[in-house]
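S.K.: Below: sequence and its predicted model.
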Amino acid sequence: MNSTSRIGTSKKILIVAPQATSGQPVAERTKAFVDFFKRHGIETEKYRSPTTFTELLALIYYIYIAKYRTVFITMPPFRNWSLCLLPGIKTILDLRDGWSIAMHTGYGGTVRPAHCKALIARMIEQIAIWRSALAITCTPGLMSYHTTWLTRKRMLLILNGFPDHEFQIAQKARLDAKKVKRPSDELVFVCAGKFSEYGHDKAKCIINMISKNFRNYKCTLSIYSSIEDNIWIKDYMNTEGISNINVKIIGYIDRKELLYKIAAADYGIVVLRDSKYDIGTKVFDYIVCGVKLFGCFSREFWEVLGDLQDRQLRIEEALRFSRSSILEEAREKILTVIK
């Protein structure tokens with residue numbers, strides 16, 4: 001626990017989130033909410049998500065002994081959904097993932113679907129949303145999926161966006177990238193995260209699209225992800241006779257350095273588990289760094305990002321995708337819950 005609140009204060013909130021290191025999506029999203037609440041005079045305290053039944057009981061005891069009336073829960077493990085049932089407690093539920101739809105589709109086709117588990121998970125999700133004072137999700141696809149006649153009044157879409165503290169880094173990276181001149185027949189593609197980890201078929205689709213759509217260019221594809229999971233790509237390209245793409249499997253690098261690498265590219269590769277429900281945090285990295293998006297996308301993907309399909313946003317325009325801007329747009333609906 002990291003206490004920043006005074007017990008007995010009426011405007012305070014307990015943030016229940018998994019333990020994560022800085023830079024991880026869950027850590028960055030949670031931090032954005034913590035900063036938002038603090039900006040609006042709400043005292044916050046972070047509490048690590050329980051991983052055992054005993055820890056869950058300890059958390060429930062703490063909620064009541066510390067006189068919390070509002071609890072923010074970000075994508076809890078199944079046993080922690082019970083927090084939404086606590087009497088006298090208002091919960092804000094942050095659904096960062098579609099567990100039931102992922103089980104139903106086999107996590108985007110990467111594993112065998114578990115239809116029975118998916119049905120149970122769906123029921124738990126719906127009950128938890130119905131019992132919550134507010135349920136938040138991060139993509140239009142998930143918003144549509146979770147919104148039913150039971151949950152319609154409680155759902156709110158808040159995109160992940162990009163971290164505000166990285167805006168100046170991205171701005172400088174874009175300016176430096178403009179100074180680098182490349183031959184007109186060269187294109188650079190970058191994948192800042194998982195590539196073939198969501199299935200080899202999706203990765204092959206991306207490679208084939210680049211090879212076909214840019215056959216008259218010399219293309220470089222830099223993958224900043226697991227070397228072990230992506231090493232098979234070069235053998236695949238040799239087998240298929242793909243010669244106009246130079247693949248570099250680099251592995252994970254420092255976050256600041258990664259933003260500079262993105263800004264120096266022409267296209268940012270987006271590979272998703274299921275683009276009907278996912279957007280991917282790397283999309284917002286590409287937006288703020290000023291590169292075009294490239295991937296196999298569904299209609300749902302472009303519902304929010306449609307004006308990025310054929311152009312790069314200027315740095316000033318990209319500000320609307322900052323996490324603070326996105327949260328401020330939803331300010332009234334969030335703050336109404338905390339009285």
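M.R.: Structure received.

S.K.: Quick check: closest non-adjacent residue to residue 79.
M.R.: residue 56 (5.9 Å; CB to CB, 6 or more residues apart in numbering). Yep, even glycine has a C-beta here, placed from its N, CA and C like the rest.

S.K.: actually residue 74, not the one I typed
M.R.: Per CB to CB, 6+ apart, closest to residue 74 is residue 94, 4.1 Å.

S.K.: chain center to the strand or helix carrying the one you found: distance?
M.R.: Using DSSP states H and E, residue 94 falls within strand 90-95. Relative to the centre of its chain, strand 90-95 is centred 17 Å away, using CA atoms, centre = their mean, to the nearest Å.

S.K.: Next: stretch 283-295.
M.R.: That offset, for stretch 283-295, works out to 14 Å (CA atoms, centre = their mean).

S.K.: most distant residue from the middle of the protein?
M.R.: In the chain, counting by CA atoms, centre = their mean, residue 241 sits farthest out from the average C-alpha position, at 35.0 Å.

S.K.: element containing the residue nearest to residue 79, please.
M.R.: Counting by DSSP H and E, residue 56 is part of helix 53-65.

S.K.: what does that helix contact?
M.R.: 1, 14, 16, 47, 50, 71, 79-80, 82-83, 86, 89 (CB atoms under 8 Å, 6 or more residues apart in numbering).

S.K.: please redo it, this time with the cut-off set to 7 Å
M.R.: 14, 47, 50, 71, 79-80, 86, 89 (CB atoms under 7 Å, 6 or more residues apart in numbering).

S.K.: Among those, which one lies nearest to residue 225?
M.R.: residue 80 (29.8 Å; CB to CB).

S.K.: In contact with that closest one: list those residues for me.
M.R.: Residue 80 neighbours (CB under 7 Å, 6+ apart): 49-50, 56, 73.

S.K.: and the closest residue to residue 267 other than its chain neighbours, bridged to which residues?
M.R.: Take residue 267 and drop its neighbours on the chain: the residue closest to it by CB to CB, 6+ apart is residue 294, 4.1 Å away. Applying DSSP bridges to residue 294 gives these bridge partners: residue 269.

S.K.: next one: residue 48
M.R.: If you apply DSSP bridges, the partners that residue 48 bridges to are residue 17.

S.K.: And it, how close does it get to residue 59?
M.R.: 9 Å (CB to CB, to the nearest Å).

S.K.: who's more crowded, these two?
M.R.: More neighbours surround residue 59 than the other of residue 48 and residue 59, with 19 against 14 (other CB atoms under 10 Å).

S.K.: Checking my notes, residue 20 in a helix, right?
M.R.: No: if the criterion is DSSP: H, G, I helix; E, B strand; the rest coil, then residue 20 is coil and not within a helix.

S.K.: ok, it - how many residues close by?
M.R.: Neighbours around residue 20, by other CB under 10 Å: 17.

S.K.: tell me the contacts of it?
M.R.: So residue 20 contacts 26-27 (CB under 7 Å, 6+ apart).

S.K.: before we move on, back to that, by neighbours, which of the contacts of residue 80 wins?
M.R.: Neighbour-wise, those (other CB under 10 Å) top out at residue 73, 23 neighbours.
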